[in-house]
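Asks: sequence and computational prediction follow.
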Amino acid sequence: MRLIASDLDGTIVGRDGKISPRTVRALRDAADAGVQIVFVTGRPPRWLAPLREQIGHEGTVICSNGAVLYDLAADRVLSAQTAPHRDLFAAREIILGLPPHATFAAETTDGFQLEPGFADPGTMELLGEIVPRPLRESLEAGDSVVKFLARG
């Protein structure tokens, strides 16, 4: 065996957000034996810290539902499949014309932007420094959007 590719959430990461000691040991043993380990996840790069903290993994991660190839050791995006802003805003207009009313967010290679009403009021503290604003205001021209979310 030369490669292990594994999902995270619900596969090696439990509901408690932890990776079992047995799994950590198995992954470390595989890495020590020269097996390349690649994680594949819907998580964005900003949610990858547990791989470093719990496993010590510093390899490649395919994240953001396959849109981003990320190097944990260098803490940088290697490549990203991004969506042009004009396409996001065109999709936004179509969705706004459909019931129920929706609010929107965008995951970028550098962070997360969301419109007012997207997050539940009780979860705003989880967003830290993120301030809800209309996406047309919050997305910078150079932001590389890798995931566009609509919530009704």
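Replies: Yes, it's here. Numbers count the residues shown, from 1 in each chain.

Asks: which parts of this protein are strands?
Replies: Applying DSSP state E to the chain gives strands spanning 3-6, 36-40, 60-63, 68-71, 76-80, 103-108, 112-114, 145-151.

Asks: can you redo those as JSON lines with mean pLDDT?
Replies: Shown next, in JSON lines, are the strands of the chain (pLDDT from 0 to 100):
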{"stretch": "strand 3-6", "mean pLDDT": "95"}
{"stretch": "strand 36-40", "mean pLDDT": "94"}
{"stretch": "strand 60-63", "mean pLDDT": "94"}
{"stretch": "strand 68-71", "mean pLDDT": "96"}
{"stretch": "strand 76-80", "mean pLDDT": "95"}
{"stretch": "strand 103-108", "mean pLDDT": "95"}
{"stretch": "strand 112-114", "mean pLDDT": "92"}
{"stretch": "strand 145-151", "mean pLDDT": "95"}
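
Asks: adding distance to Arg15 and mean neighbour count, write those out as CSV.
Replies: Where C-beta positions appear, they are placed from N, C-alpha and C, glycine not excepted. Converted to CSV, the strands of the chain look like this (distance: least, Cβ to Cβ, whole Å; neighbours: other Cβ atoms under 10 Å):
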stretch, distance to Arg15, mean neighbour count
strand 3-6, 17, 12
strand 36-40, 18, 17
strand 60-63, 20, 21
strand 68-71, 24, 20
strand 76-80, 29, 13
strand 103-108, 23, 22
strand 112-114, 23, 21
strand 145-151, 22, 17
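
Asks: and those strands as JSON lines, adding distance to Pro21?
Replies: Shown next, in JSON lines, are those (distance: least, Cβ to Cβ, whole Å):
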{"stretch": "strand 3-6", "distance to Pro21": "16"}
{"stretch": "strand 36-40", "distance to Pro21": "17"}
{"stretch": "strand 60-63", "distance to Pro21": "21"}
{"stretch": "strand 68-71", "distance to Pro21": "25"}
{"stretch": "strand 76-80", "distance to Pro21": "30"}
{"stretch": "strand 103-108", "distance to Pro21": "31"}
{"stretch": "strand 112-114", "distance to Pro21": "31"}
{"stretch": "strand 145-151", "distance to Pro21": "32"}
